[in-house]
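K.L.:
Below: sequence and its predicted model.
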There are 2 protein chains.
Amino acid sequence: MIEDLFQFLRFPSISADSKYRPEVDACAGWLTDRLHKIGLEARKIPTAGQPVVLAKSRRDPAKRTVLIYGHYDVQPVDPLDLWKTPPFEPNVRDEKIFARGATDNKGQIMAHILGVEETLKEKRELPVNVIFLIEGEEEIGSPSLEEFLKTYANELAADIIAISDTSMIAPGTPTFAYATRGILCLEIRLRGPAADLHSGLFGGSVANPATVLSELIAQLHDADGRVAIPGFYDRVKPIESWERELWAALPYDDRRWLATTGAPALAGEAGFNTLERVWARPTAEVNGIGGGYQGEGPKTIIPSRAFAKLSFRLVPDQEPTELRTIITKYLTKLCPHSLELEVLYQEQGKPYLVNPDSKFGEKAQRALKRTFQKPIAFVREGGSLPIIQSFKDVLGLDSLLLGLALPDCNAHSPNENFPIENFAAGIRLNRNLLEEIGAAA
Amino acid sequence: MIEDLFQFLRFPSISADSKYRPEVDACAGWLTDRLHKIGLEARKIPTAGQPVVLAKSRRDPAKRTVLIYGHYDVQPVDPLDLWKTPPFEPNVRDEKIFARGATDNKGQIMAHILGVEETLKEKRELPVNVIFLIEGEEEIGSPSLEEFLKTYANELAADIIAISDTSMIAPGTPTFAYATRGILCLEIRLRGPAADLHSGLFGGSVANPATVLSELIAQLHDADGRVAIPGFYDRVKPIESWERELWAALPYDDRRWLATTGAPALAGEAGFNTLERVWARPTAEVNGIGGGYQGEGPKTIIPSRAFAKLSFRLVPDQEPTELRTIITKYLTKLCPHSLELEVLYQEQGKPYLVNPDSKFGEKAQRALKRTFQKPIAFVREGGSLPIIQSFKDVLGLDSLLLGLALPDCNAHSPNENFPIENFAAGIRLNRNLLEEIGAAA
């Protein structure tokens, strides 16, 4: 089982960096073969971007159909020097599998594949029709998937979608996520002098792109940690009182959260606690900033250019396309004429919120209880799965978010890992979930 | 003549980056040989850092002594992709020599060396005793030179120092610089989470080092472009009315300055014109900024760290050591406890101001007039030569700043160049200067 996952993890399927395109494609090929091997009809289907892997059991019209969604692409790996072992050489330490993608999402989707394989081996048939839809562009915002959903809508007809790409609140605690944050990524670029200038000969006479970039970023927040862009909060839904109550009872404490981050202290928007800040409040983050001299020692120049990669996490009912315009206008107004500002639009996706007590929601709750033998934590998810809004819009389907990751799995960070225990639980969860969904009522 | 300079320029003698240490040393060795070859006693003398090259003519006690100072180290070369030809493969285009160091300072010091060589070849003796003091750490703030001056004070006894490491106001206009700005370089580093964090899972709950770094930088200036650090201007000398008058008459215009920078517009401290801003007002610049994801596309992380390289240009009578403390206190007070701030002290040097009509000042003026046949421009220098304050403090000597660079020579920038015409003028200037200083009265 683990060797299967190891093979999957060895592909450096980084979708954000075009130089890994052949490896992303090879990973899709391997995955298609793997799905074919367990007895499914499997195809690697080209898109404008990375291929989609689509695999289906033979369709029995008497059975319900479950679409299991996941992704085989992974985040970039830098800073590489912080990895204890190379990101694409998976290995086990302290009962955890370490590799880029171990938890996000190769480990979690592989648990579903192995669950289906076990059931087929034992029973020669599944309690439901299964469709695997595994894409290669989740980490860059799934730019090709909505088009794919439209083209293949008939083949993708199902009753419900199951996704394991979110977190458990604590080890062993079954976790049902009923909301995700949306996302909006922008890159801002400032151009000043035609080339780097000597800061003595010219310093004081031209605007410095790195300084002005900092001034723009400094105006993203007010002194209370609120986003200072006018209109940013206009559509934000307040947190319901039932949510506050459920969250207060969760096996969570700030000390452990702080230890997981390794930061000197927690910080955030005034008037909200940590879970509220992460699950139900929008953010504006700088993901990367750069400009001018990056080497050792001093170099006394005025940089020609500076850039910042920004991402905004959004909550229901914020609209990324609307905010993109609002943010661009705000930055453009702030930028002095002594510099040229360019705003590049990157990935974006809507936030999502669903009722956890729907018919299939209750079936998922039963599967979670059978798998973990513990009360379920009802949570929101701080991360984003923009595609679930597309599933709703294009296929008319709701998604069950049954995450298997832990907060310290280092998704998107160096030393990403996935506990073997969670991997095994994921296989059991898949079997229980398909059984529950297959059962009458 | 040019081939001599080309050999000198081929050494990548970058002092800021320790991996170039062998090349810096090799450059010093080549220079020592070259000075020996023209008939001087030349030594490469080790220091705690890069070696100093010291060369002397035989001392005639009846003659005055001129110490000619320069440096053989150069600035780093990135961004390398903006160079039209490789920085250490010198070549001539449009009557200009292109290479890193062409103007700053290899071309200018080589002009002095060749001037001395010509005089010796023609007349077999010099009108003055000459000492060449050519160091290898000017671009990193001359950390070893003050100690060197103290140790070799007797050998360095002279009447006056001549330095060609500043700019001419316009092509063909003899330029006498009577002041330089000082400098103070700091690097600030912010540490937040132990590693980069997923901006969805953790975004909103910890401070972002890149955001807070931007907030610190944004507070370096007020809305009028003045440095906002309390006490920063306390010791700044106002510009004298005779300076304003002289500068207003110089062959200078903003349009040409703007074209040289290639910036969309000029900008700076309210209430001052461009020359005043660059020559007589202090600055706070970001020379480099970095943190988080630097690659292609988005990567949704909260960076673990962020840094900025800052440099402050100082004017008489600002004190770098005092300001270092003031700036550190200011930044420390602004930084929230949710992040760790580290301030690294790098190079620093005092500003300098001298009377251009001293005895040797008038001799230099005569040499400039003979060389260029034009009225002299009296200017301040926006750049820094911290070592001239050390010359004054340790050796008790004033410095004549007789620059040969032009504003568009791209010192510290890609495509650094030195017009052949200026190189030739530098050789003539050396000969006239030594003659004038050698003459009675």
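P.N.:
Thanks, I have it.
K.L.:
okay, CA-based contacts and neighbour counts for the rest of this
P.N.:
Noted.
K.L.:
Pull the number of nearby residues for residue A:129.
P.N.:
For residue A:129, the tally of surrounding residues (other C-alpha atoms under 10 Å in any protein chain shown) stands at 22.
K.L.:
Mean confidence (pLDDT) on whichever strand or helix holds residue A:36, please.
P.N.:
With the criterion set as DSSP states H and E, the secondary-structure element containing residue A:36 is helix A:21-37. Average pLDDT, helix A:21-37: 98.
K.L.:
ok, now stretch A:58-74?
P.N.:
Rounded mean pLDDT across stretch A:58-74 is 97.
K.L.:
Please apply the same query to stretch A:421-431.
P.N.:
Here stretch A:421-431 scores 98 as its mean pLDDT.
K.L.:
And for that stretch, what's in contact with it?
P.N.:
Applying C-alpha atoms under 8 Å, 6 or more residues apart in numbering or on different chains, the external contacts of stretch A:421-431 come out as A:95, A:107-108, A:111-116, A:119, A:367-368, A:371-372, A:404-405.
K.L.:
Give me the contact status of the helix or strand of chain A with the lowest mean pLDDT with chain B.
P.N.:
Of all regular secondary-structure elements in chain A, judged by mean pLDDT, DSSP states H and E, the least confident is helix A:387-390 with a mean of 89. No - using C-alpha under 8 Å from any C-alpha of the partner chain, no contact is recorded between helix A:387-390 and chain B, whose separation bottoms out at 15.1 Å.
K.L.:
sorry, back to before: who touches the helix holding residue A:36?
P.N.:
By C-alpha under 8 Å, 6+ apart, the list of residues contacting helix A:21-37 from outside reads A:8, A:11-15, A:41-44, A:50-55, A:72-73, A:113, A:136.
K.L.:
The nearest residue to residue A:341 once chain neighbours are set aside: how many residues sit nearby?
P.N.:
Excluding its sequence neighbours, the residue lying closest to residue A:341 (C-alpha to C-alpha, 6 or more residues apart in numbering or on different chains) is residue A:190, at 4.7 Å. Here the neighbour count serves as a burial measure; for residue A:190 (other C-alpha under 10 Å) it reads 21.
K.L.:
residues touching residue A:190, list them.
P.N.:
By C-alpha under 8 Å, 6+ apart, residue A:190 lies in contact with A:209, A:213, A:305, A:306, A:307, A:339, A:340, A:341, A:342.
K.L.:
ok, of these, which one's closest to residue A:127?
P.N.:
Nearest to residue A:127 among the contacts of residue A:190: residue A:307, at 52.2 Å, using C-alpha to C-alpha.
K.L.:
Three-state assignment for the residue nearest to residue A:341, please.
P.N.:
Classification of residue A:190 by DSSP: H, G, I helix; E, B strand; the rest coil places it in strand.
K.L.:
Tell me the bridge partners for it.
P.N.:
On DSSP bridges, the residues paired with residue A:190 through beta bridges are residue A:306, residue A:341.
K.L.:
what's the spacing between it and chain B?
P.N.:
Here the criterion is C-alpha to the nearest C-alpha, to the nearest Å. By it, residue A:190 lies 11 Å from chain B.
K.L.:
what's the pLDDT at that residue?
P.N.:
Looking at residue A:190, its pLDDT stands at 98.
K.L.:
helix, strand or coil for residue A:400?
P.N.:
For residue A:400, the secondary-structure state derived from three-state DSSP is strand.
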